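>>> just a sequence and a predicted model for now, questions to come.
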Amino acid sequence: MGLPLISSQSRKRDQVVAIDLGARVTKAVHVQRKGDKLHLANYAVLDTPQAGEPAAGTDTGSLADHLREVFRAIRGGRSRQVVLAIGVQDTLFRQIEAPLMPVADLRQMLKFNAKTYLQQDLPDYVFDCFYAPPRSLPKAADAPKTGGGAPKNKVMVGGIKRERLNALQAAVRGAGLVASQVIPSAAGPSNAFENAEPELFRGEATALVDVGFKHTTITIVDGGDLVLNRVVGIGGDRLTQGLSEALKVSYLEAENIKLGMPSEVKAELEPLIQPLGRELRASIDFFEHQQDKPIAQVLLSGGTARSEFILQSLQNELMVQCKTWNPAKNLQVALSEEETGELERVAPQLAVAIGASAAAL
Ligand SMILES: Nc1ncnc2c1ncn2[C@@H]1O[C@H](COP(=O)(O)OP(=O)(O)OP(=O)(O)O)[C@@H](O)[C@H]1O
Ligand SMILES: [Mg+2]
């Protein structure tokens, strides 16, 4: 399922570099279509320049430098096409219900009635929409009553601040690249999941949780439908900050402890994971009560999900099976043996980038 906020060409491409501009870490994948198979030609993981650093990605010039560096690291080959996944601080990703109408009209309608459809005024946003294909026939009880007006359709809505979109496009041009699409990163995990685990995607209700640096996203998919998408403002940064305060050590020391020996600071780390667990549990409870069915499992991605200790702590909090998943599972890999081993370790962190590439191919 693609949700491009901009699209320079409507035809599908045979290769693309997808870049997930995370708040802390930039993840990129170079994916090629060969026949009916998708190949992962290369991937790269680089720090995102932070505010205050000389190469901070906050202005167009330095973002262009960063994109150039990413492209060099990934050896993007002849393709200059990039897809960018942009985080929840600048984008939104929601499901709404709307009558069937041309997408151009729907975008206009959102522009002037954001408050009605998205519960907030978003005057400086650019929107894109995608009618979700009906996966199953509505149950008799759900059918519209006579005189109920036009039937409602499920629509995925992506939005990005116009200013940010303009700056991104200028930076991509400055790096000598072509932005073929920009998508909200919150759409990434479900996009990747549909390709990596098509049977699970169409199967029982599953929660996809991406724990990043500043934010965590939870997406619930049920029988091929996206039923819930929520953002929680807690990520790896909060855990490191909390550890740094509890242990009275620097942020860097706390980060190293979190990465290297989390079980030794169990007493300090677990209470920091609990609030995230509670927020995620609230979303799961909401779904379970509304749909009257359980969530079969929670599948984790994002950098923080690389920690077995954090994964176990979340499982204790959520009381549902939690595990990581491999978004690269159905991609053919043309990497050296060493890179393939490393890929297995990194894969959960690539979910958004892989999902963004799937939107373009
Ligand atoms: N092995 C690990 N154990 C615990 N945390 C880890 C591990 N590896 C990475 N992290 C954490 O993952 C976070 C970065 O994850 P990720 O790359 O998903 O974030 P991001 O995409 O940059 O952020 P956001 O999604 O909020 O924009 C950092 O806080 C880092 O400490
Ligand atoms: Mg992220």
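Received the coordinates, thanks. Ligands and ions are numbered 1, 2, ... in the order given.

>>> how about the helices in the stretch 101-250 of the chain?
For the stretch 101-250 of the chain, applying DSSP state H, counting those that start in this stretch gives helices covering 103-112, 114-118, 162-174, 188-196, 198-202, 236-247.

>>> Val211 is nearest to which of those helices?
Closest approach to Val211 among those (C-beta to C-beta): helix 236-247, 6.8 Å. Any C-beta I mention is one placed from the backbone N, CA and C, and that applies to glycine too.

>>> list the buried ones in the closest one?
Judged by neighbour count using 16 or more other C-beta atoms under 10 Å, the buried positions of helix 236-247 are 236-240, 242-244.

>>> against which helices or strands is that helix packed?
Applying 3 or more C-beta pairs under 8 Å, 6 or more residues apart in numbering; DSSP states H and E, one finds that helix 236-247 makes contact with helix 251-260, helix 266-291.

>>> before we move on, back to that, how about the helices of the stretch 101-250 of the chain, which one is nearest ligand 1?
helix 236-247 (2.2 Å; C-beta to the nearest ligand atom).

>>> just checking, Lys161 touches Phe127?
No - using C-beta atoms under 8 Å, Lys161 is not in contact with Phe127; the gap is 11.2 Å.

>>> looking at the two, which has the bigger crowd around it?
Phe127 (21 against 17; other C-beta atoms under 10 Å).

>>> what does the stretch 101-250 of the chain put close to ligand 1?
212-215, 235-237, 240 (C-beta under 6 Å from any ligand atom).

>>> cutoff 5 Å now
Contact residues (C-beta under 5 Å from any ligand atom) of the stretch 101-250 of the chain with ligand 1: 212-215, 235-236.

>>> now for those residues: which two are most distant?
His215 and Gly236 (10.0 Å).

>>> most tightly packed of the helices of the stretch 101-250 of the chain?
helix 188-196 (a mean of 25; mean count of other C-beta atoms under 10 Å).

>>> ok, residues contacting that helix?
1-2, 20, 38, 85, 200-201, 206, 208, 210, 217, 219, 221, 226, 299, 301, 325-330, 351-356, 358-359 (C-beta atoms under 8 Å, 6 or more residues apart in numbering).

>>> ok, 6 Å please
Outside helix 188-196, the residues within contact range by C-beta atoms under 6 Å, 6 or more residues apart in numbering are 1, 85, 201, 208, 210, 219, 221, 226, 301, 327, 329-330, 351-352, 354-356, 358-359.

>>> cool, stretch 92-111 as well?
Against stretch 92-111 from outside (C-beta under 6 Å, 6+ apart): 117, 127, 129, 150, 152-159, 184, 186-187, 229.

>>> and the residues you listed, which two are furthest apart?
Ala150 and Ala186 (28.2 Å).

>>> which one of those two has more residues nearby?
Using other C-beta under 10 Å, the more surrounded residue of Ala150 and Ala186 is Ala186, with 27 against 10.

>>> the more buried one is in contact with Thr217, isn't it?
Yes - Ala186 is in contact with Thr217 according to C-beta atoms under 6 Å; the separation is 4.7 Å.

>>> circling back: near ligand 2, list only the ones from the residues of the stretch 101-250 of the chain next to ligand 1.
Gly212 (C-beta under 5 Å from the ion).

>>> what's the closest of the buried residues of helix 236-247 to Ile257?
Using C-beta to C-beta, those come closest to Ile257 at Leu243, 6.3 Å.
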